[in-house]
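[1] structure for this input, please:
(2 chains)
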2 protein chains.
Amino acid sequence: MKTNHCKIVDCTIRDGGLVNNWDFSVDFVQQLYAGLNEAGVDYMEIGYKNSPKLLKGAEEAGPWRFLNDDFLRKVIPQKGNTKLSALVDVGRVDENDILPRSESMLDLIRVACYSKDVDKALALVQTFHDRGYETTLNIMALSNVMENELLEAFELIKDSSVDVVYIVDSYGSLDHNDVKYLVEKFKTHLPNKRLGVHTHNNMQLAFSNTLVAAELGVELLDASVYGMGRAAGNCPTELLVAHLKGTKYNLRPVLGVLEQLMVPLREKEEWGYILPYMITGALDEHPRSAMALRSSSEKDNVVDFYDKLTTPEVNFDK
Amino acid sequence: MKTNHCKIVDCTIRDGGLVNNWDFSVDFVQQLYAGLNEAGVDYMEIGYKNSPKLLKGAEEAGPWRFLNDDFLRKVIPQKGNTKLSALVDVGRVDENDILPRSESMLDLIRVACYSKDVDKALALVQTFHDRGYETTLNIMALSNVMENELLEAFELIKDSSVDVVYIVDSYGSLDHNDVKYLVEKFKTHLPNKRLGVHTHNNMQLAFSNTLVAAELGVELLDASVYGMGRAAGNCPTELLVAHLKGTKYNLRPVLGVLEQLMVPLREKEEWGYILPYMITGALDEHPRSAMALRSSSEKDNVVDFYDKLTTPEVNFDK
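    This next block holds a predicted model:
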């Protein structure tokens, strides 16, 4: 399998922050950056660059929820080869918060959106592109998008300035055939764009789906150390680093990060292959109902949960 | 993906027994059988049929370690559609212990061997075949077998009475390309035999590798509920049941088994995606060194473990 073209985007802090409300210490993030840099990981997504005033109820979140450039400069006073990335959501970012790249620690800004908001997302992409950043467009929940809508989105994307377009398996419901189908579709309709993939591990397919995409030419591979990410989590960075052939990656520093940071953290916080997330993945649904179940006293009542999700007439508060 | 040809062989008791020394209560096994039968699972491998006198140091093991026909008749007084299977190892089974199928609860006897013992394994297969059983030959550790040895084995197998030949990823080190390569090789050299696959989950590829094999025509798919099996464990039965399209399987009873039996058991016993097993998988090694580490006080010292396994001159007691 040829994967020399691939680059790993480690999303531990950004997607993992959805698990612990971004409660990572500065020391934790610094150690993670040092480990990823030593391992040869290409990008570290260090948080969200949304604006607190556009997102209510997030006052208690850690600083990685709303990255501040001055703060970031103190956290990573000297960058290595690992570039820094931040994610923004359509409607939640204040463009005035985005410095020119020459004045920021960030190299890459990624814009996440649902397919109906691709036009708005591409307007943001253009702004960030003009300020010197690398850009990606991450189209979420592809398993729930109808073909005609996707084709319309492609028309907008192909004439845009975006560098990389992401295939996002938000619900962890895709298998290798689905990934192959989507990659071929994106390649056909967006021949001038590089591609990325972001998977979720609801059905233990995040790593294998990422490998399938990589083999088909997808360049940017999202991952997180120990798979830390919302609900079932993501493709584990350590598996990509261990497995990608003919590349520059080094597993040992990632094992150091796992031993020092992630194994202890997993004792306190929950993510991964957990049955309610498996069920929402199998049913091609957002994991929010499963997350609510896991926060309740009935967290292991999976038969009842499955019955509710598969009985149309039940009014189930998701 | 067409998978109507597939049959699931649930190995929870047999392979899972390697985790807890076969310490499953009769009630547990009966509930598991009822659930698998209701779910439409095709086979349940209920243990080993080796002889205690040919395997020293196993005196403390539960009854599923050395199945007794009278005992089995009491445990499963009435079979449903789910057939019963047992595994034997070359050199550890007393042929006199194997009743004719007409007098036994077992339907299928599977013979596990390394490729060098295929001749001995096929002699056992012939005996069991003559006594009326369905038979399989499970060639272990394929990732460590040289091509010439495998080709010799194929010559013996193709003229034998064995029904199904298994591709076994003992170390959990194979990816989808390896599985595809092996399935195509087995199909080419054994056109008259049905195929099976047994995967391990060291690199979170057990389920996806099983799907890839199924899609290429492999018929018997080994799995275990919640993936319970030695070290990293196996392909989870619940994922196969949830995912195989156009088949007769029903997820709900498997969720019942998970809720009632497996989630509580996982609180006491350890298996799954655990870093030392990931490391032995990535290095294509038997997990025994990782199992020893997990039983020690250094169980999370993965950097030191990795250094030992990757430093040839270190004398490391596996």
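[2] so after the one helix or strand A:Asp70 maps to, what's the next helix or strand?
    Assigned by DSSP states H and E, A:Asp70 belongs to helix A:69-75. Downstream of helix A:69-75, the first helix or strand assigned by DSSP H and E is strand A:83-89.
[3] name the helices or strands packed onto the following helix or strand past that following strand?
    Per DSSP H and E, the first helix or strand lying C-terminal to strand A:83-89 is strand A:108-113. Here strand A:108-113 touches strand A:83-89, helix A:118-130, strand A:134-139, going by 3 or more CB pairs under 8 Å, 6 or more residues apart in numbering or on different chains; DSSP states H and E. Heads up, the C-betas are built off the backbone N, CA and C, glycines and all.
[4] gap between A:Lys79 and B:Asp119?
    In this view, A:Lys79 and B:Asp119 are 61 Å apart by CB to CB, to the nearest Å.
[5] likewise for A:Met146?
    Taking CB to CB, one finds A:Met146 at 58 Å from B:Asp119.
[6] cool, A:Phe128 as well?
    66 Å.
[7] more neighbours, these two?
    Looking at A:Phe128 and B:Asp119 with other CB atoms under 10 Å in any protein chain shown, you find the greater number of neighbours at A:Phe128, namely 26 against 14.
[8] if I look at the more buried one, how far off is B:Ile279?
    39 Å.
[9] what residues does the stretch 151-300 of chain A put near chain B?
    Selection of the stretch 151-300 of chain A residues close to chain B by CB under 8 Å from any CB of the partner chain yields A:175-177, A:201, A:203-209, A:211-212, A:215, A:236, A:238-239, A:242-243, A:251-252, A:255-256, A:258-259, A:263, A:272-273, A:275, A:278-279, A:282, A:300.
[10] would you write a ChimeraX line that selects the buried entries of those residues?
    Buried subset of these, written as a ChimeraX selection, criterion 16 or more other CB atoms under 10 Å in any protein chain shown:
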select /A:175,176,201,203,204,205,206,207,208,209,211,212,215,236,238,239,242,243,251,255,256,258,259,263,272,273,275,278,279,282,300
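[11] filter the residues of the stretch 151-300 of chain A next to chain B down to just the ones in strands.
    Judged by DSSP state E, strands contain none of these.
[12] among the residues of the stretch 151-300 of chain A next to chain B, which lie within helices?
    Among those, the ones falling in helices (DSSP state H) are A:176-177, A:206-209, A:211-212, A:215, A:238-239, A:242-243, A:251-252, A:255-256, A:263, A:275, A:278-279, A:282.
[13] helices and strands of chain A: which one bottoms out on pLDDT?
    Lowest mean confidence among the helices and strands of chain A (mean pLDDT, DSSP states H and E): helix A:147-158, at a mean of 94.
[14] check which helices and strands that helix sits against.
    Contact here means 3+ CB pairs under 8 Å, 6+ apart; on that basis helix A:147-158 packs against helix A:118-130, helix A:176-189.
[15] could you dump that helix to CSV, C-alpha only?
    Only the C-alpha atoms of helix A:147-158 are listed here, as CSV (Å, rounded to 0.1, in the frame of the first residue of the first chain):
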residue,chain,number,x,y,z
GLU,A,147,-26.8,12.8,-4.0
ASN,A,148,-28.3,15.9,-5.6
GLU,A,149,-27.3,18.1,-2.7
LEU,A,150,-23.8,16.8,-2.8
LEU,A,151,-23.5,17.4,-6.5
GLU,A,152,-24.6,21.0,-6.0
ALA,A,153,-21.9,21.4,-3.3
PHE,A,154,-19.2,20.0,-5.6
GLU,A,155,-20.1,22.7,-8.2
LEU,A,156,-19.3,25.4,-5.6
ILE,A,157,-16.3,23.7,-4.2
LYS,A,158,-14.4,23.1,-7.4
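[16] quick one: it to strand A:134-139, angle?
    Regarding helix A:147-158 and strand A:134-139, their directions subtend 170 degrees when assessed with axes from the mean of the first three to the mean of the last three CA atoms, to 10 degrees.
[17] and the residue in the stretch 51-200 of chain A that chain B sits nearest to, how far is that from A:Glu184?
    Among all residues of the stretch 51-200 of chain A, A:Asn177 sits closest to chain B, at 5.8 Å; criterion: CB to the nearest CB. From A:Asn177 across to A:Glu184, the span is 11 Å (CB to CB).
[18] what count of nearby residues applies to A:Glu103?
    Applying other CB under 10 Å, we find 10 residues neighbouring A:Glu103.
[19] for it, what are its contacts?
    Listed by CB atoms under 8 Å, 6 or more residues apart in numbering or on different chains, the contact partners of A:Glu103 are A:Asp69.
[20] skip the chain neighbours and tell me the closest residue to whatever residue of chain A ends up closest to chain B.
    Nearest residue of chain A to chain B (CB to the nearest CB) works out as A:Ser208 at 3.5 Å. Counting by CB to CB, 6 or more residues apart in numbering or on different chains, A:Ser208 lies nearest to B:Ser208, which is 3.5 Å off, once chain neighbours are set aside.
[21] A:Trp22 now?
    A:Gly62 (3.4 Å).
[22] that neighbour contacts A:Val26, correct?
    No - here A:Gly62 does not reach A:Val26: they are 9.9 Å apart, not a contact under CB atoms under 8 Å.
[23] more neighbours, these two?
    Between A:Gly62 and A:Val26, A:Gly62 has the larger neighbour count (other CB under 10 Å), namely 17 against 14.
[24] shared neighbours of A:Asn177 and A:Glu184, anything?
    Common neighbours of A:Asn177 and A:Glu184, using CB under 8 Å, 6+ apart, do not exist here.
[25] pull the contacting residues for A:Ala213.
    Residues near A:Ala213 by CB under 8 Å, 6+ apart: A:Ile167, A:Val179, A:Val183, A:Leu195, A:Val197, A:Leu221.
[26] can you check A:Cys11 too?
    Counted by CB under 8 Å, 6+ apart, A:Cys11 has contacts A:Glu45, A:His198, A:Asp222, A:Ala223, A:Ser224, A:Gly229, A:Asn234.
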